[in-house]
Structures are given as C-alpha cells and as structure tokens.
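Peer 1: need a structure here:
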Amino acid sequence: MVGQEQSQIDDSALVKALIAPVQHAGRVIMDFYQTDPSAETKADGSPVTKADQAAEAILLAEVAALAPSIQVISEENAASHNLVASQEFFLVDPLDGTKEFIKPRGDGAFTVNIGLIRNGEPVMGIVFAPALDRLFFGSLGNGAFEISGGICRQIYVRMPPADGPVAVASASHRDAQTNQWLEMRGITNSIAIGSSLKFCLIAAGEADLYPRYGPTMEWDTAAGDAVLRAAGGRITAEDGKPFFYGKAGYRNQPFFAAGGG
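Peer 2: All right, here's what the predicted structure looks like:
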C-alpha cells in the first residue's frame, strides 16, 4: 500500500503504482473500441459508453486500495460532483475524449486519466492513450515520463522553434475564440487532437501552446496538467492568475497551457 495519510503519500511511488491499473483500464477500453464503441447520452447531453463505466469501476477500486483515505471525484460518479473538495483529492476521468472514441475510423486520441490535487494544485498525474500506446506520468519535483513500446523515457517541455510555436487545439470543441487568439498572435501551425493528449504533447516537447476557451471539467484537465507541470510547463487562468482545482461544481474557466519560453 502506498499510504493512507497525506503525510505518508509518496507521489512518485503512487503514480508508478497506478500504471498497471491504468493500463488494465486501457485494455478494457480497447476491447469495447474494437467491438462496441456505441454511446448513450447522459442527462447533461454528453456521451457515455460502456467503456467509460467499465474503466471507471477498475480505476476506482484500485485508487481506493492504494489510498483509501483520499477523496475521489470521478466523471461517471455524478454524486461525487456535489462533494466539497477536500485539501487532497483525486480527479478521475476513465475515458477522456469520448467523441474521439465513438468516431468511425477515428485517430485514437482518447485517454485514461487520474490526477491528484493537493491544496488546489495538481501534484501527480497519469494519462494513457491505449490506441496510440502512449502512457504519460509525472509528479511535481520528480519529473515527467512517457512509456511507449515498452520503453520509458523522461520528457521535458521545449523552447518554441525558430519558425514559431506550435499550438494544440481541440479536435471536437474548437471555437471562434481559440481561432481568434491564434490569429492575433500570428500562430499558423496547430495540431488538432482530442482529450488530455494536448497537455502531453506540450510536456513531451512536440507542441508549445494550448489555449482553451471551450468548457472543460476539472477531471478533463487534472492529470494532463500535472504531467505538463512535472515536465516544466505551466498553466494559467485567462487573466494570468494561477489555475486552481476544487472549484464549485469542478468546472474550469478558460485557461492557457504552455511549455518553455
């Protein structure tokens, strides 16, 4: 067991202990992806699949076993959305990028996500894109890493290239405000990709900026945000102030994520 009290939690050990459960959830998701990617519509109008529910059951059981005293807020557990955030809590999104998951012949840009928040800040995160065989994890003070093809390497944000920064933007939720933000800064090179992979591409030095005006929830961003911060990146609210977690309803405001420079 990694630990039951906040003072005993080793974030680096915890995130490593979560790798196998997250990979297990990813394998289950891939089974549905290949056989039954159909979705139903939740009360809020967003899609949910059998893969979401199966993966969440795996993740919640493992998180409870590893850190039973820490509060868990998860996307598919609607009752948890009404809880007041504790000083320390997990944010779990078993299948981020559901719209990418259900697209015929999609690009596989969906992820499994677990983030740990402490005092409003994401301190540990793990993001797994099972269809792409890319798993990212990190914790503050311990660095960020990627596992792909069975090989683990440390990742870092980069300085923007001489020919200009590369932005990442939502594949399914890109809006006019995002386009305007990019145009005003003369940014012409962008990558459209779904889910929390946008944070991870910046963390891995494959992109530089991620402006987000469209709606997101905290479980959508916590894990990728933690990986990005561990890799040397940063995220701020639209007004430039720190971007905190544990907000009312766990709903995010617009934000900007960036790598080096």
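Peer 1: can you pull out the strands in the stretch 151-261 of the chain?
Peer 2: 151-155, 167-169, 190-192, 209-212, 234-237, 255-258 (DSSP state E, counting those that start in this stretch).
Peer 1: okay if I get these as CSV plus distance to Glu88, mean neighbour count and mean pLDDT?
Peer 2: In this view, the C-beta of every residue, glycine as well, is placed from N, C-alpha and C. Formatted as CSV, those follow (distance: least, Cβ to Cβ, whole Å; neighbours: other Cβ atoms under 10 Å; pLDDT from 0 to 100):
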stretch, distance to Glu88, mean neighbour count, mean pLDDT
strand 151-155, 26, 12, 98
strand 167-169, 29, 23, 91
strand 190-192, 34, 16, 88
strand 209-212, 25, 24, 95
strand 234-237, 19, 16, 96
strand 255-258, 22, 20, 96
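Peer 1: turn those into CSV, columns for distance to Glu218.
Peer 2: Converted to CSV, those look like this (distance: least, Cβ to Cβ, whole Å):
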stretch, distance to Glu218
strand 151-155, 23
strand 167-169, 19
strand 190-192, 23
strand 209-212, 13
strand 234-237, 12
strand 255-258, 11
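Peer 1: for the ones you listed, which one sits closest to Thr111?
Peer 2: Nearest of the strands of the stretch 151-261 of the chain to Thr111, taken as Cβ to Cβ: strand 167-169 at 13.6 Å.
Peer 1: packing partners for the closest one?
Peer 2: When contacts are defined as 3 or more Cβ pairs under 8 Å, 6 or more residues apart in numbering; DSSP states H and E, strand 167-169 packs onto helix 176-184, strand 190-192, helix 197-203, strand 209-212.
Peer 1: and the contacts of the helix or strand harbouring Lys99?
Peer 2: Lys99 belongs to helix 98-102 when elements are defined using DSSP states H and E. For helix 98-102, contacts defined as Cβ atoms under 8 Å, 6 or more residues apart in numbering pick out 29, 33, 37-39, 46-49, 51-52, 95, 106-110, 171-172, 194-195.
Peer 1: so what touches stretch 251-261?
Peer 2: Stretch 251-261 is contacted by residues 157-160, 177, 198-199, 202-203, 205, 207-213, 215-218, 220-221, 225, 228, 231-238, 243, 247 when judged by Cβ under 8 Å, 6+ apart.
Peer 1: helix or strand right after the helix or strand where Met30 lies?
Peer 2: Taking DSSP H and E as the criterion, Met30 maps to helix 19-35. Downstream of helix 19-35, the first helix or strand assigned by DSSP H and E is strand 39-41.
Peer 1: could I get the buried residue list for that next one?
Peer 2: Of all the residues in strand 39-41, those buried under the rule 16 or more other Cβ atoms under 10 Å are Ala39.
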